[in-house]
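No letters, just coordinates:
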């Protein structure tokens, strides 16, 4: 009978319960002893620390690093201004308090809304702003009557300012108030302590991607606080360390010329220095004013930006992937030369169409271009030449070659939000589609890929990087916007080294020939009108991308027609003999590449190479003289 | 019954039937204390904490009505589900504050590690129940494996606090089932030596270049901060410095309700959740702290009495382990806020704001009540 065992177990269990009970009493005894020590023996000490001298550790926010263009022109800076703030203890009576304050400073309905919104975002606040940017007069009025308002204080704080307004806003980005998601990210990199006292964080653009460089290290001071929570005396201070400055490869003047050249049209432009991968200009048009976001954007402004059919908040240069159209052709030709499928001299007869698999692929020019060699196929953009070439090369070979130029994958530029684009291949199709019948690659699809249509979709920055790679004879650099990071206190610079990603095994004579043909585009081909009498040697290629689908909501009839128009593209680099700039331009619904995109490229190249400023031809150099000194640090926060 | 007329008296009796009056009374006192503190620390959260409490009490009532055998029979599926969910979290969980703890199941985000606080002791009790009368060394090995799997998964998230609670809960089942002292003693000695050496050589091993191998960087920081809070006064040390000041300045009788300067000048971080004990210590002083300790002792004593008298082995083990969970929560939290234990994310049981922990704890109470009810029913027959 197994009666004994459970009986034994029961006895053992009871003895163990007694042991556990004793353990619990010891542990709780320990706790009570600790409480006794803290609250009775050391009461005087802690009482003094908490009651008489309330020592507050006040974080001192570091100055955020500046963002400067390649010549030190300021793109993002800080300025000090007074704010009216309230300590968290006094939130309860906020509404009454606001009514009273109204007699001293002007508090708008928007200020109240913002105050409530900040309160709702759960965060441990040091204090919450009621009004920002007080005038000197308002500060004086408040200080005279400050004892009427318990818990309210005037503080000098730093604000972010983008002095150029909407210029380069997609590059610079903006900062905004820290929200729940930002907090998670801060906690993830174990930086919560460093963000005490910091209210803003980079949300988009370089402000976001270089947040860790720009932020700096928070200092703190021990201050004596009186019963109302007001600082009375400073005891000890560990100064903050300012964030690092970013000096960009971007040229502010070039950026302005490029943005103006778009004249409000939708599109993008990326200009790269082929020798380093440094981005000289990055335009996404239309643009927006980042200053709107710094203190929380108003609903009105937000709706205007967010609901606009032009999507000004979208960074088209990085995120908008489109078929490259005929700008694909020089790369196709180079692929054919490299693979030995064509020689430059080989001539085809173009009747104006190419029959393949029972389908007739047409050329733009009715009746065809006649006898076409490789030079003519690029200069005059002959589709038939590339239909046949695509069939000869095959999709696998095309995909491998284009992939080596970085097409269809993120370039790794130091901004977030890059799209992958689509480098079409049978493998891509297998991954992209779920249904088996959609996964099969049809030979006919290769034909339209050959002229840059079909599934092809690349972002402007990918195209620009590919052109730069061609200009640099096959050396591809990671595009980057930051030239060096500057430590403000020591003045030391950390240069972002040009990072060659690949050196493509291209034969120099092949590359020379393609460059020669692309120069022909602007001398006698499709780009000749845009580049008439250019004072430098420029290689280029026009492109026109078909728009297949209509995005978004319903538009009026005229607009519908406009938005169904083809995208206009242009790629170029110059000077041909020693390329200093390579670029890609996209104008959405701009029609032919030679009509909309090429003239923009001309203005940009004229400015960069010849210093011709279309806005103020003679005043180009004087424009910058009234700007503030970039190296002068903004005033430190006074407490 | 022929008469179906509504009788409020019978309804109340029926509702209260599965409830243990002593546990209910202590719970009510604890919740009352919690609301008093919440009204001071974070009045805005009163309403939602009341809803949390109502849900938790309903959960407790349902658990109390279920027969113990029924609860035990749920152990394997709940345990298995918990482990699967933990694996799912590791594979595609959401990262929040640097740790993967949450799983988004469409309707809500759930934290599977929370389930394991009850599921692990339940599972182990179920296992020993099936080995009743013939428990040998091999069973302890098997039970340890059942315990280590979820604990390891939770440690990996990383969530040391919850892992500690789950491990403790499982350990107590093993302990009550008769785990040999020969095994317990060396571990205890090793622990004491380990803690002793950390305290003794704190300066040297807290140097930034020393890697602690088993612990994450942030966990090392917490231990080091405990040894010398002033080393990081703005970050992790801030919690401990401010909460000890709050408690210490409370004195014998406290500064009075809503008059805690530390609390109301916002020196106490997370004053409505993990650090609510600092508010209590400051506003109600030594007496208030002792009152809370007394309430916990009352709760735990009642739990141990229920365990002592429980009719079956599994019920005994379960009751003992659940009771010890309450103890672990209370001790770890108060220990960390008063600065004798490192900061780990453990709430003050029944007092801290937050629904998940409250529901788990009330489920534990419900299980205790169900065990007590089983004994009473057994007596009657």
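Thanks, I have the structure now. Note that the structure is predicted; figures quoted are calculated from it, not measured.

what about the longest helix in the chain?
Just so you know, I chose chain A. Criterion DSSP state H: the longest helix present in chain A is helix A:4-36.

wait, I meant chain B there
Chain B, longest helix under DSSP H: helix B:276-309.

Show me what the helix or strand just after that helix is packed against.
Of the helices and strands lying after helix B:276-309 in sequence (DSSP states H and E), the nearest is helix B:313-337. Contacts defined by 3 or more CB pairs under 8 Å, 6 or more residues apart in numbering or on different chains; DSSP states H and E place helix B:313-337 against helix A:4-36, helix B:68-73, helix B:112-130, helix B:160-176, helix B:276-309, helix B:355-380. For every residue, glycine as well, the C-beta is placed using N, CA and C.

roughly how far apart are residue A:179 and chain B?
14 Å (CB to the nearest CB, to the nearest Å).

circling back: mean pLDDT, distance to residue A:372 and mean neighbour count added to the helices and strands packed on helix B:313-337, as a markdown table?
Shown next, in a markdown table, are the helices and strands packed on helix B:313-337 (pLDDT from 0 to 100; distance: least, CB to CB, whole Å; neighbours: other CB atoms under 10 Å in any protein chain shown):
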| stretch | mean pLDDT | distance to residue A:372 | mean neighbour count |
| --- | --- | --- | --- |
| helix A:4-36 | 86 | 91 | 15 |
| helix B:68-73 | 90 | 82 | 18 |
| helix B:112-130 | 87 | 67 | 25 |
| helix B:160-176 | 88 | 72 | 23 |
| helix B:276-309 | 94 | 82 | 22 |
| helix B:355-380 | 88 | 72 | 21 |
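
Mind putting the ones you listed into a markdown table with distance to residue A:178?
Below are these laid out as a markdown table (distance: least, CB to CB, whole Å):
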| stretch | distance to residue A:178 |
| --- | --- |
| helix A:4-36 | 36 |
| helix B:68-73 | 45 |
| helix B:112-130 | 28 |
| helix B:160-176 | 25 |
| helix B:276-309 | 25 |
| helix B:355-380 | 26 |
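
and the longest helix of chain B with helix B:313-337, angle?
Here helix B:276-309 runs at an angle of 160 degrees relative to helix B:313-337 (axes from the mean of the first three to the mean of the last three CA atoms, to 10 degrees).

Hey, what's the angle from helix B:276-309 to helix A:4-36? Just curious.
Going by the same axes, to 10 degrees, helix B:276-309 makes 160 degrees with helix A:4-36.

ok and helix B:276-309 relative to helix B:160-176, angle-wise?
20 degrees.

For the residue of the stretch 401-550 of chain A found nearest chain B, give me the pLDDT.
Residue of the stretch 401-550 of chain A nearest chain B, by CB to the nearest CB: residue A:416 (17.3 Å). pLDDT, residue A:416: 91.

nearest to residue B:80, of the helices and strands packed on helix B:313-337?
helix B:112-130 (8.8 Å; CB to CB).

So is the closest one next to chain A?
No: figure legend: helix B:112-130 not in contact with chain A (CB under 8 Å from any CB of the partner chain); closest approach 9.3 Å.

any idea of the angle that helix forms with helix B:313-337?
150 degrees.

in terms of contact count, name the helices or strands touching helix B:112-130.
helix B:68-73, helix B:75-92, helix B:137-156, helix B:160-176, helix B:313-337, helix B:355-380.

Can you say which of the helices and strands packed on helix B:313-337 is nearest to residue A:587?
helix B:112-130 (52.2 Å).

what's the angle from that closest one to helix B:75-92?
150 degrees.

one step back: got the phi and psi for the residue of the stretch 401-550 of chain A closest to chain B?
phi -90, psi 160 (degrees, to the nearest 10).

can you count the residues close to it?
14 (other CB atoms under 10 Å in any protein chain shown).

what's the distance between it and residue A:460?
16 Å (CB to CB, to the nearest Å).

And residue A:424, what's its pLDDT?
pLDDT, residue A:424: 92.

now swap in residue A:242 and tell me
91.

What lies in contact with the host helix or strand of residue A:437?
Assigned by DSSP H and E, residue A:437 falls within helix A:436-439. The contact list for helix A:436-439 (CB atoms under 8 Å, 6 or more residues apart in numbering or on different chains) reads A:429-430, A:433.

low-scoring stretches of the stretch 1-150 of chain A, by residue?
Within the stretch 1-150 of chain A, the segments meeting pLDDT under 70 span A:1-6, A:51-55, A:88-94, A:120-126.

can you do 90?
Along the stretch 1-150 of chain A, the model assigns pLDDT under 90 to residues A:1-14, A:41-62, A:79-150.
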